[in-house]
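Engineer: sequence unknown, structure follows:
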């Protein structure tokens, strides 16, 4: 009988404790486990950072950005002026979710979910932002010869989730292999995590025609698109077109420039090269002496030319006719040629 009463007492105590625990009478707010601590999203997508708080009571939940200690939300109210931030509350799960729209690379970092207890309770959630790479091999322009084969290869990498499919567009029309007998589309994937994952889609156009030219867009299902312009060449060389020179226009443009440079080189006076064996000071002294001699010769020529011009001005070519004009020209040439002789009165 005593054993039976003892067992009944123990069962009663357990029931009381279970009832108290179920009613939450013995503890305050707490973070149930497990909870996600790392969230990874693509750039320009939407990020959701959850924070579940049980038995919150009359306490409040605040989201704080750890980098600058900026208060983002308090309860259901948004305090930051950035309209990309907001908070959602689910009564069923007691979860306060911080929502960030159009995530940028600068949004990456740690965010803190705080409960207004004393001391404060905090749960840290890390946001990782991946910038996916979508590109067409060869860049934004491609050049092919008419009648040859063109290959457009779109590569998707640096992503946490590969696209389900990649669509191609020529202008605003979707490229469908069934509608183009000269066209084929192939896709292949490479597994792994993060930057190791990749997906490639290749469009091959055989016997290229002029109407195949235009903009081709690679559009993954979950990422941004990339566009390249296909140019179909007739007779030009692709390298010449890419560099901005077409056909023989480059030679026709350069030839006049070469002729002008050659004429300037022939007409320019020879530059005196410094003599060997002289110091720079001696060379400078020699140049000064040459300059003085040139100035003295120029002054002598001016003095001798002046009476000659006056003599012929007094008599004038009109007194001597054509012969006088020829003589004047002859005397002037002799003066400037430094072979001056006395004028004839």
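Structural biologist: Structure's in. What do you need? Bear in mind that the values here come from a model prediction, so they are computed numbers and not experimental data. Residues are numbered from 1 along each chain as shown.

Engineer: residue 63 bridge partners, please.
Structural biologist: residue 73, residue 113 (DSSP bridges).

Engineer: nearest residue to residue 227 in space, please, no chain neighbours.
Structural biologist: Spatial nearest neighbour of residue 227, excluding adjacent residues (C-beta to C-beta, 6 or more residues apart in numbering): residue 217 at 4.5 Å. In short, each C-beta sits where N, CA and C put it, glycine included.

Engineer: burial check on that neighbour, number of neighbours?
Structural biologist: By other C-beta atoms under 10 Å, the residues close to residue 217 number 19.

Engineer: tell me the confidence at it?
Structural biologist: pLDDT for residue 217: 96.

Engineer: dihedrals phi and psi, it?
Structural biologist: Main-chain dihedrals, residue 217, degrees, to the nearest 10: phi -120, psi 130.

Engineer: list the residues that contact it.
Structural biologist: Contact criterion C-beta atoms under 8 Å, 6 or more residues apart in numbering gives 168-169, 225-227 as the residues in contact with residue 217.

Engineer: ChimeraX command for the buried members of these?
Structural biologist: Of those, the buried ones go into a single ChimeraX selection, burial set by 16 or more other C-beta atoms under 10 Å:
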select :168,169,226
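
Engineer: list the contacts for the closest residue to residue 85 other than its chain neighbours?
Structural biologist: With C-beta to C-beta, 6+ apart as the criterion, residue 85 has its nearest non-adjacent residue at 5.3 Å, and that residue is residue 72. Counting by C-beta under 8 Å, 6+ apart, residue 72 touches 63-65, 78-80, 85, 87, 98, 111.

Engineer: also residue 221?
Structural biologist: Per C-beta under 8 Å, 6+ apart, neighbours of residue 221: 163-167.

Engineer: what helix or strand is residue 215 located in?
Structural biologist: strand 214-220 (DSSP states H and E).

Engineer: strands of the stretch 51-200 of the chain, residue ranges please.
Structural biologist: Along the stretch 51-200 of the chain, counting by DSSP state E, counting those that start in this stretch, strands occupy 61-65, 70-74, 77-78, 85-90, 95-100, 109-115, 121-130, 133-136, 141-145, 150-157, 166-170, 173-174, 183-190, 198-205.

Engineer: for this structure, where's the lowest mean pLDDT among helices and strands?
Structural biologist: Ranked by mean pLDDT, DSSP states H and E, the weakest helix or strand in the chain is helix 321-336, scoring a mean of 42.

Engineer: follow-up on the earlier one: and which of the contacts of residue 217 is nearest to residue 155?
Structural biologist: For the contacts of residue 217, the residue nearest residue 155 by C-beta to C-beta is residue 226; the value is 9.2 Å.

Engineer: export the contacts of residue 72 as JSON lines, with columns for pLDDT and distance to residue 295.
Structural biologist: Below are the contacts of residue 72 laid out as JSON lines (pLDDT from 0 to 100; distance: C-beta to C-beta, whole Å):
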{"residue": "63", "pLDDT": "96", "distance to residue 295": "88"}
{"residue": "64", "pLDDT": "96", "distance to residue 295": "85"}
{"residue": "65", "pLDDT": "96", "distance to residue 295": "80"}
{"residue": "78", "pLDDT": "94", "distance to residue 295": "86"}
{"residue": "79", "pLDDT": "90", "distance to residue 295": "85"}
{"residue": "80", "pLDDT": "92", "distance to residue 295": "81"}
{"residue": "85", "pLDDT": "96", "distance to residue 295": "83"}
{"residue": "87", "pLDDT": "96", "distance to residue 295": "91"}
{"residue": "98", "pLDDT": "96", "distance to residue 295": "88"}
{"residue": "111", "pLDDT": "97", "distance to residue 295": "85"}
